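[1] give me coordinates for this.
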Amino acid sequence: MGQTDSISTNASPASLMNLIRTRRSIREFEDRPVPREMIDQIVEAATWAPNHRHTEPWRFIVLEKDGDARSKVADLIYEWTWNYVKNPNPERRRKSSAEARGEVLATPVLMLVYSVPGMNDEVTHENYAATCCAAQNMQLMAHALGLTVGWSTGRLCKCEEVHAAVGAEEDWTIVGAFFIGFPASSASAERIPVDEVCTYLN
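    Numbering: from 1, shown residues only. Below you'll find the model as predicted:
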């Protein structure tokens, strides 16, 4: 683990494309735990993302299920949703807040991913882009392992109290909250043809 591998690979282009095409963002999970070995595998895959200047700017925080940290974050999300729910109707507010808290508590693996700043704005921007690439590596490895990932930039990312609660540094930038588990549903998707998004210039 963690050693530089040979440049050669046995992966076929067809198998790689199939992995990319069939990966979906799903946040409905089976009620079974994800082995820590799998979590370590997807994090290691993330750390092999392209990284200009080799700053390795990614930081991963996993909130253990049924742990005190997860419970604290769930309470913070309940409060944040209560304060910022779009529809202020009392019943809607209660329902939305309870659902948000319940998802935080129930998801098998909850991971927050951050990007650390660089020496200047250019490097900070590159670090953020590299961490997004890391997140995609993580999703593809998870898919290869039979897991699914829901990448969110919603409540958990917007609630400043969450970042303080998990020990994130003030100058870190949140890239996403990742809900991970064995999928309880499936999804399909389509993409527009390559020739509609790619231009060749002579």
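
[2] what segments of this structure are helices?
    Counting by DSSP state H, one finds helices in the chain at the ranges 13-22, 36-47, 68-84, 90-106, 121-144, 155-158, 160-165.

[3] of those, which is nearest His54?
    Ranking those by proximity to His54 (Cβ to Cβ) places helix 121-144 first, at 9.7 Å. All C-beta atoms are positioned from the backbone trio N, CA, C, and that covers glycine.

[4] mean confidence for that closest one?
    Taken as a whole, helix 121-144 has a mean pLDDT of 98.

[5] now that helix against helix 13-22, angle please.
    Relative orientation of helix 121-144 and helix 13-22, computed by axes from the mean of the first three to the mean of the last three Cα atoms, to 10 degrees: 100 degrees.

[6] residues in contact with helix 121-144?
    Here helix 121-144 makes contact (Cβ atoms under 8 Å, 6 or more residues apart in numbering) with 19-20, 22-23, 25, 38, 41-43, 45-53, 55, 57-58, 113-118, 148-149, 151, 173, 175-176, 178, 180.

[7] can you give me the buried ones in it?
    For helix 121-144, the neighbour count (16 or more other Cβ atoms under 10 Å) marks 124, 126-132, 134-143 as buried.

[8] neighbours of Asn120, how many?
    Other residues near Asn120 number 9, with proximity taken as other Cβ atoms under 10 Å.

[9] mind checking the longest strand of the chain?
    Ranked by residue count and defined by DSSP state E, the top strand of the chain is strand 173-181.

[10] tell me what that strand is packed against?
    Packed against strand 173-181 by the contact rule (3 or more Cβ pairs under 8 Å, 6 or more residues apart in numbering; DSSP states H and E) you find strand 109-115, helix 121-144, strand 148-152, helix 155-158.

[11] now the third one: average pLDDT?
    Averaging pLDDT along strand 148-152 yields 97.
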